[in-house]
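> Let's see this in three dimensions:
(one chain, ligands or ions: 1)
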Amino acid sequence: MSNLAAALRDAEQRLAHTSPSARLDAEVLLAHVLDKPRTYVIAWPAKTLPGEALDYLNTLVERRAAGQPVAYLTGEREFWSLALKVNDAALIPRPETELLVERAAAVIEQSAASRVLDLGTGSGAIALALALRFPHLAITASDVSAAALSVAEVNRKALGADNVELRESDWFEILGDAYEVIVANPPYVASDDPHLEQGDVRFEPRLALDGGRDGLDCLRTIIDEAPRHLLRGGWLLLEHGFDQGDAVRELLQAAGFSSVDTCPDLAGHERVSAGRR
Ligand code: GLN
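Residues are numbered from 1 along each chain as shown. Predicted coordinates:
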């Protein structure tokens, strides 16, 4: 028997060497074990922790200490205020990707778009955020990975997003040609970027991260092919690396896009670029 405060202290200590967020991880894992919100484990330090719960917590802490991302241990990550299921078949949704949702939402509103494509949807994060904000939209969400699409389908069902259709496709391979808005958070990390061997990223699918020698392979393919799948006046919005803004704007201009522009994320890094066909 232990109480919540003691269990948290112990977990935090065991995570201190490997996690940059040991206290937070301990709280999230304990809350998951108890199936309670994180505020509960902070508000009730003296509550008793039953033996089984402590055993389960210990298993999770061990796996976290070995590097596993917290989101893969709890099977959940919040994105755009949605509780999304995640597993190692798909990228863990990042806060900076909410900027892409925000930009896409603005464009959808302005242009009264009704047909939207999310390429490489992974867990479905972007498509589902847009689908719930705009219930009238017809959203196609594609991925080359059937395993990722299973995660997206679980989320689509749980959120009741009937306006999202999931398709297995290698980029545009089997997709239509009359979208008004196309969004994508493709793999954009350079193959030799040491970041791929560090922290949580090590456990995420390479397929969702590795953008080839300069990280731009998928961005190039998407930008080249998107005009054939967009209606005239339609928009392409892309997430990319903090140092890829110049390259992505050049690619968009070379492919004939107008109104090419980039938005910085909350950290001030160039993160989302857009262009109009
Ligand atoms: N931003 C992610 C990272 O740095 C990469 C996401 C991506 O490649 N689409 O880990």
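
> Would you mind extracting the C-alpha trace of the longest strand anywhere in the chain into PDB?
When secondary structure is assigned using DSSP state E, the longest strand within the chain turns out to be strand 230-239. Taking Å, rounded to 0.1, in the frame of the first residue of the first chain, the C-alpha atoms of strand 230-239 are listed here in PDB:
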ATOM      1  CA  LEU A 230      -7.200  21.000 -56.500                       C
ATOM      2  CA  LEU A 231      -9.900  23.100 -58.100                       C
ATOM      3  CA  ARG A 232      -8.800  26.400 -59.500                       C
ATOM      4  CA  GLY A 233      -8.600  28.900 -56.600                       C
ATOM      5  CA  GLY A 234      -8.100  26.000 -54.100                       C
ATOM      6  CA  TRP A 235      -5.500  26.000 -51.400                       C
ATOM      7  CA  LEU A 236      -2.600  23.800 -50.400                       C
ATOM      8  CA  LEU A 237      -1.400  24.100 -46.700                       C
ATOM      9  CA  LEU A 238       1.700  22.300 -45.500                       C
ATOM     10  CA  GLU A 239       3.500  21.800 -42.200                       C
END
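
> So what's the gap between that strand and the chain middle?
Counting by C-alpha atoms, centre = their mean, to the nearest Å, strand 230-239 is centred 20 Å from the centre of its parent chain.

> Ok, stretch 12-26 next?
Put simply, stretch 12-26 sits 23 Å off its chain's centre (C-alpha atoms, centre = their mean).

> and the end-to-end length of that stretch?
As for stretch 12-26, its first-to-last residue distance stands at 6 Å under the measure C-alpha to C-alpha, to the nearest Å.

> after the longest strand of the chain comes which helix or strand?
The helix or strand immediately downstream of strand 230-239 is helix 245-254, counting by DSSP states H and E.

> Whichever helix or strand comes after that following helix pairs with which strands, parallel or anti?
Towards the C-terminus, the helix or strand next in line after helix 245-254, according to DSSP H and E, is strand 258-264. Note on strand 258-264: by DSSP bridges, its sheet partners are strand 270-276 (antiparallel).
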